[in-house]
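>>> Please work out how this folds:
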Amino acid sequence: MTTGAEAIADQHIHPVILCGGSGTRLWPRSRPEMPKPFLRLLGDRTLFQMALDRAADPSMFAPPIVVAGEGHAPHVREQAGTHRLIIEPAARNTAPAIALAAARLPADAVMLVCPSDHHIGDVAAFREGVGRAAALARQGYLVAFGIEPDRAETGYGYIQQGDPLGGGFRIARFVEKPDAARAESFLAHGGFVWNSGIFVFRAGDVLAELEEHRPAMAQAVRSAVAAGHEDGATFRPDAALFTAIEAESVDYAVMEHTARAAMVSADMGWSDIGDWAALAQARAAWDRRSWYNARGDVIGGTNVMIDSDGPRVSVVGLSDVVVIVDKGEVLVVHRDAAQQVGALPGAKGK
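Here you go, the predicted model:
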């Protein structure tokens with residue numbers, strides 16, 4: 001379904017900002033009612049606002065489309081004002097969310113799909129990479145953003161580069177999150193990049209691939225959009241039809257199956273802010289200090305991050321730890337165990 005409001009100049013890139021998840025690995029700061037995208041973790045702007053800022057050049061980008069659940073819509077409106085907003089009746093992962101936006105755009109519209117909770121330190125490099133990706137997308141490729149790895153990270157999926165392609169590469173294969181030994185081998189071998197979860201493709205191309213590889217999902221999205229309704233700048237697909245869709249990521253549903261998968265890479269200071277250790281590293285790059293301490297003192301230790309909403313915290317003789325105090329909850333975690341925070345009962349709301 002395409003409406004006149006969506007018919008922006010062909011050469012503009014349409015940002016699609018995905019807001020979802022509960023950010024459990026950044027508990028206790030991130031909670032279901034106020035998840036990671038809407039927190040001010042790096043300066044005065046939230047991660048969501050920074051995602052909008054990166055796509056705010058009107059010479060390059062059309063007005064963004066934000067896809068969010070009903071519970072997050074008030075945060076979107078409070079932090080961004082009036083934007084084109086698609087309300088997901090239920091969380092169904094990235095493939096249905098992207099398909100919703102694609103179905104609301106002209107078939108030849110180039111979409112830039114961005115998570116709302118990532119950090120990109122070099123916006124100029126990001127936009128240059130988007131330009132290369134858009135050129136490939138206009139040739140019919142579905143393009144993923146790859147990040148050159150600087151360590152053997154086990155928390156990210158990987159992409160293996162294939163043959164060179166003007167401004168990028170074909171994708172040889174996607175690889176799920178590896179164990180430590182396999183991640184080390186990827187780093188040593190070269191030609192493997194992290195999968196950032198940022199994509200560029202034409203709306204009609206991603207829908208055509210979805211029709212081929214997930215026809216039931218494609219039809220359900222089209223039906224939910226056709227039966228939906230608009231309220232000003234907000235669009236709501238039919239709740240019953242959309243909720244019946246099986247949840248699946250765009251990687252699984254489309255990117256791992258298409259014969260037109262491509263990738264570009266950009267040295268843009270990317271981080272998914274996936275846990276407290278990642279946030280500490282992003283803060284170090286952002287404010288040029290080794291780590292970051294707010295309302296705290298460290299003696300006899302290194303790589304200590306303290307972030308407290310009230311009480312002063314002192315750490316003596318410990319290294320590589322993160323201490324968080326927020327709304328009566330206290331977290332102390334070793335940097336190497338930061339990925340495990342999401343398993344805590346408090347992070348799950350128990």
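>>> make it CA atoms for all contacts and neighbour counts henceforth
Fine.
>>> Next, the buried residues of stretch 225-237.
Within stretch 225-237, the residues that count as buried by 16 or more other Cα atoms under 10 Å are Val225, Thr234, Phe235, Arg236, Pro237.
>>> Spit out the contact partners of the third one.
Which is Phe235. By Cα atoms under 8 Å, 6 or more residues apart in numbering, the contact set of Phe235 is Arg84, Leu85, Ile86, Ile87, Gly228, His229.
>>> Likewise for the last one?
Pro237 makes contact with Ile86, Ile87, Glu88, Pro89, Ala224, Val225, Ala226, Ala227, Gly228, His229 under the criterion Cα under 8 Å, 6+ apart.
>>> One more: the fourth one?
Arg236 is in contact with Ile86, Ile87, Glu88, Pro89, Val225, Gly228, His229, Glu230, counting by Cα under 8 Å, 6+ apart.
>>> For it, what are phi and psi?
phi -120, psi 110 (degrees, to the nearest 10).
>>> got it, and the second one?
Here the main-chain torsion angles of Thr234 (degrees, to the nearest 10) amount to phi -100, psi 130.
>>> Also the last one?
Note on Pro237: its backbone torsions stand at phi -70, psi 160 [degrees, to the nearest 10].
>>> what's the distance between the spatially closest residue to it that is not a sequence neighbour and Leu241?
Nearest residue to Pro237, sequence neighbours excluded (Cα to Cα, 6 or more residues apart in numbering): Gly228, at 3.9 Å. Distance, Gly228 to Leu241, by Cα to Cα, to the nearest Å: 10 Å.
>>> hmm, back to that, what two of the contacts of Phe235 are the furthest from one another?
With Cα to Cα as the measure, no two of the contacts of Phe235 lie farther apart than Arg84 and Gly228, at 14.7 Å.
>>> Relative to Gly274, which of the contacts of Pro237 is nearest.
Glu88 (23.0 Å).
>>> tally of neighbours for the closest residue to that closest one other than its chain neighbours?
Distances taken as Cα to Cα, 6+ apart place Gly69 nearest to Glu88, at 4.8 Å, with adjacent residues excluded. Around Gly69 there are 19 other residues, counting by other Cα atoms under 10 Å.
>>> what's the pLDDT at Gly69?
The pLDDT attached to Gly69 in the predicted structure is 94.
>>> Would you mind confirming that it makes contact with Arg92?
No. Counting by Cα atoms under 8 Å, Gly69 sits too far from Arg92 to count as a contact (10.2 Å).
>>> can you pull out the strands in the stretch 1-150 of the chain?
In the stretch 1-150 of the chain, the strands defined using DSSP state E, counting those that start in this stretch lie at 13-18, 65-69, 84-88, 110-115, 119-120, 142-147.
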